[in-house]
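Participant: Below are the sequence and a predicted model for it; my questions follow.
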Amino acid sequence: QLQLVESGGGLVHAGGSLRLSCASSGRPLSDYAMAWFRQAPGKEREFVARIWSAGSARHADSVKGRFTISRDNAKNTVYLQMNSLKPEDTAVYYCAADLRPSTVASSDWDYWGKGTLVTVSS
């Protein structure tokens, strides 16, 4: 059973940066596609970024050019570097994993962490 634990969230001013980490255990991370999702208060969970095992990545239009997903399979860790943060980036950020995700819809991902809160003040 794959387990995921996020860290790195916190309070930051607009324009600042944070790096989120997602550490896995139980199975080799290299077997899985990995993704970050986020959920703001009162809103649906939305896709942020995805990275395949070999490293190719996709980012949501809303974060493209500001956020970067990366992974270190040897450390069983996935990262989300967030730069130029905006108040609208405030959300709980979740790490997700799946062996063969069909889409970037949250329903297609099997394994989830408990989330880490990012708050961006204006």
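Facilitator: Okay, I see it. Numbering: from 1, shown residues only.
Participant: and the residue found closest to Met34 once you drop the neighbours it is linked to in the chain, how many residues sit next to it?
Facilitator: Computed as CB to CB, 6 or more residues apart in numbering, the closest residue to Met34 that is not its neighbour in sequence is Val78, at 4.5 Å. Any C-beta I mention is one placed from the backbone N, CA and C, and that applies to glycine too. Neighbour count for Val78, taken as other CB atoms under 10 Å: 27.
Participant: Repeat that for Val92.
Facilitator: With neighbours defined by other CB under 10 Å, the count for Val92 comes to 18.
Participant: now Ser25
Facilitator: 11.
Participant: Which residues are in contact with it?
Facilitator: 2-3, 5, 76 (CB atoms under 8 Å, 6 or more residues apart in numbering).
Participant: try Asp108
Facilitator: Each residue near Asp108 by CB under 8 Å, 6+ apart is listed here: 98, 101-102.
Participant: Just the pLDDT for it.
Facilitator: Note on Asp108: pLDDT of 91.
Participant: ok, now how distant is it from Lys64?
Facilitator: According to CB to CB, to the nearest Å, Asp108 stands 21 Å off from Lys64.
Participant: same check, this time on Ser7
Facilitator: To Lys64, Ser7 is 24 Å away according to CB to CB.
Participant: With Glu88 instead?
Facilitator: 14 Å.
Participant: again with Trp112
Facilitator: Looking at Trp112 against Lys64, where the rule is CB to CB, the gap reads 23 Å.
Participant: ok, the two, which is more surrounded?
Facilitator: Trp112 (19 against 11).
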